[in-house]
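Visitor: I need the structure of the sequence given here:
(2 chains)
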Amino acid sequence: MLQLQVLRQNPDWVKERLTVKQFKDTDVVDTILSLDDQRKKLQLEFDTTQAKVNSASKEIGQLMGKGQKEEAETKKQEVTALKNSLQPITDKLAEVEKRLQDTLVILPNLPSEKVPVGKTPADNIVVREGGKKPNLPAGSVPHWDLIKKYDIIDFETGAKITGSGFPLYKGKGARLQRGLIQYFLDFNTAAGYTEYLPPFMVNEASAYGTGQLPDKEGQMYYMPEDKFYMIPTSEVPITNIYRDEILKEADLPIKMTAYSPCFRREAGSFGKDVRGLNRVHQFEKVEIVQIVHPDKSYEVLEEMVNHVEKLLNTLELPYRILKLCGGDMGFASALTYDFEVYSGAQERWLEVSSVSNFETYQTNRMKIRFKDEKGKPQLVHSLNGSSMALPRVVAALLENNQTSDRIQLPTVLEKYIGSTLIS
RNA sequence: GGAGACUUGUCCGAGUGGUUGAAGGAGCACGCCUGGAAAGUGUGUAUACGGGAAACCGUAUCGAGGGUUCGAAUCCCUCAGUCUCCGCCA
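Guide: Reported below is the predicted structural model:
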């Protein structure tokens, strides 16, 4: 959620930034400011009247103490009259506050000045590329054929057990999942991230805190009996660890990493994009999250991008890093870099990681603050990134390392999966 | 799942309807004391919103939300969480 203060100080700049994010209805900014004015007026009216009620009530207490019952009775009637006049103000104030909140929440985060202007993925900017594309032999096939050939991932049985998009990993396929998770976690903890294993379901307040609610409700699996949401990423529980807390400046930066399965309904997805491991309802992911001093967040964003890049390099996959344009960025992000790996047999780029700086957008919702030198509470910045999402990494690993009768995985994985040969 | 106890500030802890935003203690910060430190001692030490140039003032907040009352941390209701006992169970 944007800070009201920012809208007040520079409404025109806010509108201009919203436009970069392809947010058309910039009049909302004016609506919010006018609601805020109303709120202030009502608040003042409420406060002054309530102050009278409070002091009169105290007097009643004192009169009662002295045994002056009649005077107390007169006062009581005065207070009752005041309270009656207060009622409409209270109602109006509550209504204005709710409208203000509801309106503020529909505004996406403002893109940083570094964000390229553009509408679609075609407008994203390739920051750099690495690795080299494989030269696959004739007869090479996409991963959805490879997994059948070597019997390592079974979509049909997954669909039988649960539904489509819930893969069943088997043998080397299962071992590869376990090994990659462990490898990624080790890589992250070696870089100073503290490992967590969070709950896989969250309550409403947590889903709201990271920005999944209210607008992305349909993307999450929901358990109505308990009012819990299955997490779409461990970013949700992990970032919420510090919800409603005021940190010491010395505590920053906080670096966390976590593995979790991720559950996504992916309503509305269809076509060739969703084939095989390209898009599934449940997948494994290792996430990195940082909570940092506001002055440091862009430095940290680069650090996180470099970290993921290093990891990707060890897997010997061809990749590219994109700086997302305003139109392709997520709702809560101020600047996002996407990582894509090249999947040789499909001959296309697959997103395997997304690293974002949310600045104060999430922390304002969660009220995560720190005390600065003056002892004043100030919002921290939050960042996160995948390091990494497994399915597409696996798709690329399988496709790019195939020969006619085997798949030879990179040796870095030997320690984690035993034999790197699938045949 | 059943029965009961509980949830107060950074922490511990008092407080069962009336100047209680909240005693007392610990911690922390600053000062005094000291050659330096400890001990001692003094002062300060929540957050949000609003008003104000500021000092400061007002309002709200004692798990969350609602209610009773002129007045609620204190009474009532709902929900969440913690603990104990019983049941069930990996």
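Visitor: quick one, strands of the stretch 1-150 of chain A?
Guide: In the stretch 1-150 of chain A, the segments counted as strands under DSSP state E, counting those that start in this stretch are A:125-130.
Visitor: quick one: contacts for A:Leu390?
Guide: A:177, A:180-181, A:283-285 (C-beta atoms under 8 Å, 6 or more residues apart in numbering). No exception for glycine: its C-beta is placed from N, CA and C like everyone else's.
Visitor: can you list the weak-confidence ranges in chain A?
Guide: Residues of chain A that meet the criterion pLDDT under 70 lie in A:268-273.
Visitor: what are the structural domain limits within it?
Guide: Following automatic domain parsing, one finds the domains of chain A at A:4-104, A:121-422.
Visitor: for the stretch 301-423 of chain A, which residue gets nearest to RNA strand B?
Guide: A:Pro377 (4.1 Å; C-beta to the nearest atom of the strand).
Visitor: excluding chain neighbours, what is closest to that residue?
Guide: Sequence neighbours aside, A:Arg369 is the residue nearest to A:Pro377 in space, at 4.3 Å (criterion: C-beta to C-beta, 6 or more residues apart in numbering).
Visitor: just checking, that neighbour touches A:Ser382?
Guide: No: in this structure, A:Arg369 is not within contact of A:Ser382 by C-beta atoms under 8 Å, at 11.7 Å.
Visitor: any residues in contact with both of the two?
Guide: What both A:Arg369 and A:Ser382 touch, as defined by C-beta under 8 Å, 6+ apart, is the set A:Thr363.
Visitor: neighbour count: these two, which is higher?
Guide: Comparing A:Arg369 with A:Ser382 by other C-beta atoms under 10 Å, the one with more neighbours is A:Ser382, at 29 against 19.
Visitor: which residues does that one bridge with?
Guide: When bridges are called by DSSP bridges, A:Ser382 pairs up with A:Ile291.
Visitor: ok, the residue lying closest to A:Phe155 once chain neighbours are set aside - contacts?
Guide: Leaving aside its sequence neighbours, A:Phe155 sits nearest to A:Pro167 (C-beta to C-beta, 6+ apart; 5.6 Å). Residues in contact with A:Pro167 (C-beta under 8 Å, 6+ apart) are A:153-155, A:158, A:277, A:280, A:282, A:391.
Visitor: enumerate the residues of the stretch 1-150 of chain A near RNA strand B.
Guide: A:36, A:40, A:43-44, A:46-48, A:50-51, A:53-58, A:60-62, A:64, A:76, A:79-80, A:83 (C-beta under 7 Å from any atom of the strand).
Visitor: now those: which count as buried?
Guide: Neighbour counting with 16 or more other C-beta atoms under 10 Å marks A:36, A:53, A:56, A:60, A:79 as buried within those.
Visitor: surely the first one is in contact with A:Thr103?
Guide: No: in terms of C-beta under 8 Å, A:Asp36 does not count as a neighbour of A:Thr103; the distance is 9.9 Å.
Visitor: which bits of the stretch 301-423 of chain A sit near RNA strand B?
Guide: So far as C-beta under 7 Å from any atom of the strand goes, the stretch 301-423 of chain A lies against RNA strand B at A:369, A:371, A:375, A:377.
Visitor: SS state for the third one?
Guide: Remark: A:Gly375 carries the secondary structure label coil [criterion: DSSP: H, G, I helix; E, B strand; the rest coil].
Visitor: burial of it, as a residue count?
Guide: 6.
Visitor: who's in contact with it?
Guide: No residues are in contact with A:Gly375 under the rule C-beta under 8 Å, 6+ apart.
Visitor: give me phi/psi at it?
Guide: phi 80, psi 10 (degrees, to the nearest 10).
Visitor: stretch A:194-210 and RNA strand B in contact?
Guide: No: Stretch A:194-210 is not in contact with RNA strand B by C-beta under 7 Å from any atom of the strand; minimum separation 7.9 Å.
Visitor: okay, buried residues for that stretch please.
Guide: Buried residues in stretch A:194-210 (16+ other C-beta under 10 Å): A:196, A:198, A:200-202, A:206-210.
Visitor: of all those, which two lie farthest apart?
Guide: Largest separation among those by C-beta to C-beta: A:Tyr196 and A:Tyr208, giving 20.3 Å.
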